[in-house]
Every structure is written in structure tokens, then in C-alpha cells.
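Novice: Mind folding the following:
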Amino acid sequence: MEVIFISGIFMSLFIVILLLTKKRKTLADKILAVWIAVIAIHLLGFYYNQIGYWEKYPHLIGVTAPVPLFHGPLLYLYSLYALRGEKRIRAVDYLHFIPGVFAYFYMFKFFFLYSASEKIQVDKGEINDFHAFSVVLLIAILISGLVYAVLSYSLTLKYGNKLKERFSFSEGISLKWLRYCIVSIGLFFLLAVIVFLLRDGLNYSFPFNPEYIFYSILIIFIFYIGYFGIKHENIFVNIPLPENGETNQEASITKYKNSGMSA
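Specialist: Numbering: from 1, shown residues only. Predicted structure coming up:
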């Protein structure tokens with residue numbers, strides 16, 4: 001399992017490099033790069049916890065706890081701007097990150113005022129200062145992941161039908177690719193909800209660590225992006241410019257915007 005986690009982390013970093021070194025990056029490319037980097041941090045935090053680094057370096061405890069709150073918003077914004085093709089993110093869209101930022105702000109005392117031994121006690125449940133917060137954070141993460149997955153999929157239905165009516169949406173990102181991404185993340189959070197209900201709601205004791213299941217889904221998702229992004233979807237390569245200087249995707253977006261359809 002250790003090899004799988006290391007491979008997933010390195011694949012994540014590789015994808016980020018490919019996206020950031022792409023010459024004509026779209027806003028969606030940049031959002032995807034940030035999101036994959038966040039996934040890499042999430043996987044790295046879980047991996048370090050599993051191999052005992054949190055006990056060896058207690059100040060790492062809790063550093064990645066609020067990170068899953070960013071998956072849903074980044075998935076939604078990636079879906080939104082991949083479909084709309086806009087070049088600048090709207091100021092209102094930064095509001096999606098407020099829960100994650102607030103969680104880190106709330107944990108400020110834990111990060112900077114607790115000693116190493118106190119952090120270990122909190123992690124083991126011997127100090128209950130953050131017990132209620134941990135429960136609320138977990139519920140918020142699960143709800144956020146599922147809600148944003150549904151919202152993202154609804155975007156593909158809204159924009160997909162309009163795009164199919166007017167022109168072929170085959171350049172760069174495709175609806176099939178995007179929907180697979182959304183379903184993968186939705187499945188990740190759905191399994192997390194099921195585990196939470198069984199383990200904490202019904203006190204069911206799993207004969208194995210159930211977290212490995214949905215983290216494996218996250219790693220498979222990363223390899224899916226890597227494989228299909230390179231082999232089929234032109235996610236990491238530059239599309240040749242036609243004579244008028246626009247990319248094929250930009251030309252399609254221009255045609256969409258000039259078609260009189262509302263966003």
C-alpha cells in the first residue's frame with residue numbers, strides 16, 4: 001500500500017508540472033493544477049500519518065485536516081470554467097473557500113499555542129478541546145464533497161445540452177472526461193459518508209482500515225487524469241493555433257458566446 005500512495009503523490013506532482021508548463025494555459029488548467037496540488041498534499045498528509053510521522057513530528061498533526069474542504073469548491077470551479085471558458089475567476093467564487101479558511105483560522109490556537117505533547121494528547125483523544133470541532137469538521141467535509149459533486153454534475157447537464165445543440169465540443173476537455181472526474185470524487189465522498197455512518201453512527205467495527213478504500217479511489221482518480229489526459233483528452237498539450245490566432249477551444253467558446261445562448 002505504501003508504494004501505491006507514493007506513486008499517487010508523485011503522479012499528482014507530475015500532473016501539476018505538466019499543467020503549469022503548458023504554454024497556453026486556460027483558467028481551468030490553472031484551477032486543475034491547484035486542485036491536483038491540494039490532492040497531493042491531502043494524500044501526503046494521510047501517508048505521513050499512516051507511517052507514524054505524526055508521532056515522530058507532532059507539529060504535523062492536524063495540518064491537513066481542513067484540506068478536504070477545498071476539494072468540492074475546486075471541482076466545481078474547474079467544471080464551471082472548463083465549460084464557460086472565461087479567462088478570469090469571479091470575485092464571488094472565492095467565497096467557496098471560506099469554510100476551509102475558517103477551519104484553519106479556528107485551529108490557529110492548536111497549531112501555534114499547543115505543545116508537541118499536548119498535540120499528541122489531542123490526537124489520541126486524551127484532551128477533548130477540539131472534539132466537537134473535529135465532528136463538525138468531518139460532517140462539513142462530507143456534506144461539502146457531496147453537494148459540490150452534485151452541483152458540478154448539474155453544470156455538465158446545463159452547459160452540455162446547449163453545447164451539443166450548437167457545435168461539437170470535442171476540443172480539449174470533453175463532457176465525458178469531466179463527468180468521470182465528478183463521479184469519481186462523488187464516489188470518494190459517498191463512501192466516506194457510508195463509513196462514517198457505519199463506524200460512528202452504528203459503532204460497526206471494520207476488520208480493516210476503511211480509509212484505504214476511499215483514498216485508493218482518490219489515487220485511481222489521479223491516475224485516470226494522468227492516463228486519459230495524456231492519451232485521449234489533450235489536457236496537457238497545446239492545441240495548434242488556427243490562422244486567426246485562436247485555439248480551437250477558444251473558437252468554439254466564441255461561437256457559443258455569439259450564438260445568443262444565455263449562460
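Novice: Let me see the ranges of the helices in this protein.
Specialist: Using DSSP state H, the helices of the chain run over 2-20, 27-50, 53-56, 71-84, 98-106, 108-113, 116-124, 131-166, 175-196, 211-231, 248-257.
Novice: For those helices, which has the smallest mean pLDDT value?
Specialist: Ranked by mean pLDDT, the helices of the chain bottom out at helix 248-257, with a mean of 46.
Novice: So for the chain, the centremost residue is which one?
Specialist: Closest to where the C-alpha atoms of the chain average out (Cα atoms, centre = their mean) is His71, at 3.2 Å.
Novice: Distance of the residue nearest to Leu138 when sequence neighbours are not counted relative to Leu142?
Specialist: Once flanking residues are discounted, Leu138 sits nearest to Phe196: 6.7 Å by Cβ to Cβ, 6 or more residues apart in numbering. For the C-beta atoms, the positions are set from N, CA and C on the backbone; glycine is no exception. Applying Cβ to Cβ, to the nearest Å, the value for Phe196 to Leu142 is 6 Å.
Novice: between the two, who's got more neighbours?
Specialist: Between Phe196 and Leu142, counted using other Cβ atoms under 10 Å, the more crowded position is Leu142 (19 against 16).
Novice: you'd agree that one is up against Gly186?
Specialist: No - counting by Cβ atoms under 8 Å, Leu142 stays clear of Gly186, with 11.6 Å between them.
Novice: returning to that earlier point: pretty sure the residue nearest to the centre of the chain is touching Val38, no?
Specialist: Yes - under the criterion of Cβ under 8 Å, His71 makes contact with Val38 at 6.9 Å.
Novice: Give me the contact list for stretch 133-148.
Specialist: Identification of contacts with stretch 133-148 by Cβ atoms under 8 Å, 6 or more residues apart in numbering yields 65-66, 68-69, 71-73, 75-76, 99, 103, 106-107, 185-186, 188-190, 192-193, 196.
Novice: Please point out which parts of it sit buried.
Specialist: For stretch 133-148, burial by neighbour count (16 or more other Cβ atoms under 10 Å) applies to Leu137, Ala140, Ile141, Leu142, Ser144, Gly145, Leu146, Tyr148.
Novice: one step back: got a list of what the residue nearest to the centre of the chain touches?
Specialist: So His71 contacts Trp35, Val38, Ile39, His42, Ser144, Gly145, Tyr148, Ile185 (Cβ under 8 Å, 6+ apart).
Novice: Which of those lies at the shortest distance from Arg90?
Specialist: Closest approach to Arg90 among the contacts of His71 (Cβ to Cβ): Tyr148, at 16.5 Å.
Novice: and the residue lying closest to the closest one once chain neighbours are set aside, how far is that from Ala28?
Specialist: Nearest non-adjacent residue to Tyr148, counting by Cβ to Cβ, 6+ apart: Gly72, 3.0 Å away. Going from Gly72 to Ala28 by Cβ to Cβ gives 16 Å.
Novice: With Leu197 instead?
Specialist: Distance, Leu197 to Ala28, using Cβ to Cβ: 34 Å.
Novice: swap in Phe111?
Specialist: Distance of Phe111 to Ala28, computed by Cβ to Cβ: 33 Å.
Novice: Test my guess that Ser184 contacts Ile220.
Specialist: Yes - using Cβ under 8 Å, Ser184 is in contact with Ile220, at 7.4 Å.
Novice: So the two - more neighbours on which side?
Specialist: Ser184 (18 against 15).
Novice: ok so, going back, weed out the non-buried ones from the contacts of stretch 133-148.
Specialist: Buried among the contacts of stretch 133-148 by 16+ other Cβ under 10 Å: 65-66, 68-69, 71-73, 75-76, 99, 103, 107, 185-186, 188-190, 192-193, 196.
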